[in-house]
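based on what follows, work out the 3D shape:
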Amino acid sequence: MSHSPRRRTVLGGALLLVPLALGGTGCSSSNPLADAPYDAAGQVVLKGAEDGRKVDPSVPLEVKATGDDRITDVIATDAAGRYVGGELAPDGSSWHSTGSLAAGAHYTVRVSTEDDDGAQGRRTIGFDTGPATRLLTVAFGPKSGTYGVGQPITAELSTPVQTPAARAVVERTLRVESRPAVQGSWYWVNNRVLHYRPKEYWPAHASIDVHATLDGIKVGGGMYGGPSKPLHLDTGDRVEAVTDAAGHYMSVMKNGQEIRSIPVTTGKPGYDTRNGVKVILGQESFVRMRGDTIGIAEGSADSYDLPVYWATRVTWSGEYVHAAPWSVGSQGADNVSHGCTGMSTENAKWFFDTVRVGDIVKVVGSAGATMTPFDNGFGDWNLSWEDWRKGSALEAGTREGATPADAARLRPSV
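A predicted model of the protein is given here:
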């Protein structure tokens, strides 16, 4: 039903004497602002949503005044109550969205109008956006469980994301919450993989939740975010093993206290153990180690083929902390291995039982190169915090502690 604008009527003074004399009232005119809003269905229209059609999420919303009323306010929200930014024309003839819409979502638009007499109208319009043709999903790692305080969080995208703007969109939707809270940041390892770590190691016995709000978000190039599974992690005690390759000893600390000092042997000249911080990747009670797997020719002087027990892996290329009963005479005195950290079988078994995936193994005093950040395990902690922040699409070039501008968000968080 359409609404006809109300018109003001000027009454003569003589006519006003009659109701005053009869009824004794002061004034009979009504306040339009006190009236219930009228149905403004005939006054405004949402373009593109006629006849229940699904709206193209890549096209801005537009609300137009079609009658004599002017639009005074428009509130557009999705099913979760997130607002869509917009701009109202100065004359109230139209409103258009300035924020992006999500794909495959339901929206409600509430339009307020006003007629020439100041009477208020309302119209509520619901619509759905069409599905995305290209989906970007994210998979978090590692698996849910309890890890050491050095364990980074990984996010692997289903499709490469190249541009800085698109990376910023994605990174804004990746949330990491820990109890106790820590300062941390994402780092783009490449166009499909991100790592997250705190400024310092995780606190001991922390609870960490990871999730994404990427679903439905417009990333760019016709691509929208898809659903993802959340991740929950816990950390155990703070366990750190520090190996002094020059001093030939490993100090194992738990929550800041040394719990064992172990004589070791590390890589000999030409096979020097990597310096720096490594994160335990896995543990194998038995593994067969062969020289040809690291490029040593079979039958050469350095060739080997050995059964190895209580092996704790720290690089994908084959560096372990393990039992080396054949070199007990050199442990604590000389470096004779091909890069691994060797110790007695008793100490290796104790170490194996004491540490877990995600614990820290740090090597100092070696003539070897420093552990690389990303291509041979988790060397993330070998980057300074300043350099780590440079790998973020949001924090690079910003002052530490500054919050990325909320104005660039596609939709506010709940």
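
residues near Thr340, how many?
Check again: residue 340 is Cys, not Thr. 25 (other CB atoms under 10 Å). Using the backbone N, CA and C atoms, a C-beta is placed for each residue, glycine as well.

quick check, pLDDT for it.
At Cys340, the model reports a pLDDT of 96.

ok, it - contacts?
The contact partners of Cys340, by CB atoms under 8 Å, 6 or more residues apart in numbering, come to Thr266, Gly267, Thr273, Gly318, Glu319, Tyr320, Val321, His322, Ala324.

ditto for Asp244
Met250, Ser251, Val364, Gly365.

PyMOL command to pick out the buried ones of those?
A single PyMOL command is used to select the members of the contacts of Asp244 judged buried by 16 or more other CB atoms under 10 Å:
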select buried, resi 250+251
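
ok, and for the host helix or strand of Asp73, which residues are buried?
Per DSSP states H and E, Asp73 falls inside strand 70-78. Buried positions in strand 70-78, judged by neighbour count with 16+ other CB under 10 Å: Arg70, Ile71, Val74, Ala76, Asp78.

contacts for that strand next, please.
Identification of contacts with strand 70-78 by CB under 8 Å, 6+ apart yields 44, 61, 63, 65, 83-84, 86, 88-89, 91-95, 97, 102, 105-114, 120, 411.

follow the chain on from that strand and name the next helix or strand.
strand 86-88.

give me the mean pLDDT for that next one.
On average, strand 86-88 scores 94.

in that strand, what counts as buried?
Neighbour-count burial for strand 86-88 [16+ other CB under 10 Å]: Gly86, Leu88.

so what does it touch, helix or strand wise?
strand 70-78, strand 94-97 (3 or more CB pairs under 8 Å, 6 or more residues apart in numbering; DSSP states H and E).

could these be laid out in JSON lines, adding mean pLDDT?
Converted to JSON lines, the helices and strands packed on strand 86-88 look like this (pLDDT from 0 to 100):
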{"stretch": "strand 70-78", "mean pLDDT": "94"}
{"stretch": "strand 94-97", "mean pLDDT": "94"}
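
what is the burial count for Gly126?
The number of residues near Gly126, taken as other CB under 10 Å, comes to 12.

is it true that Trp202 lies in a helix?
No. Inclusion of Trp202 in a helix is not indicated when DSSP: H, G, I helix; E, B strand; the rest coil is applied; the result is coil.

pLDDT weak spots in the protein?
Applying pLDDT under 70 to the chain flags the ranges 1-34, 292, 301, 401-414.

need the helices for it, in chain order.
13-23, 164-172, 345-354, 385-389 (DSSP state H).

hmm, who's touching the shortest one?
Residues from elsewhere that reach helix 385-389 (CB under 8 Å, 6+ apart): Ser185, Tyr187, Arg197, Lys199, Asp380, Glu395, Ala396, Thr398, Glu400.

quick one: the residue nearest to the last one when sequence neighbours are not counted and Leu214, what's the gap?
If I follow you right, that is Glu400. Leaving aside its sequence neighbours, Glu400 sits nearest to Arg389 (CB to CB, 6 or more residues apart in numbering; 6.9 Å). Going from Arg389 to Leu214 by CB to CB, to the nearest Å gives 22 Å.

now Trp381: how far from His232?
Using CB to CB, we find Trp381 at a distance of 23 Å from His232.

looking at the two, which one has more neighbours?
Trp381 (21 against 12).

show me where the stretch 1-150 of the chain has its strands.
38-39, 44-46, 62-65, 70-78, 86-88, 94-97, 106-114, 120-128, 134-136, 138-141, 145-147 (DSSP state E, counting those that start in this stretch).

what residue is smack in the middle of the chain?
Residue closest to the mean C-alpha point of the chain, counted by CA atoms, centre = their mean, is Leu174 at 1.5 Å.

enumerate every residue touching that residue.
Listed by CB under 8 Å, 6+ apart, the contact partners of Leu174 are Val138, Ala155, Trp186, Leu194, Tyr196, Val210, Ala212, Leu214.

correct me, but the fourth one touches Trp188?
Right, the one you point to is Leu194. Yes. Contact criterion CB atoms under 8 Å: Leu194 and Trp188 qualify, at 5.5 Å.

fine by me, we can end here.
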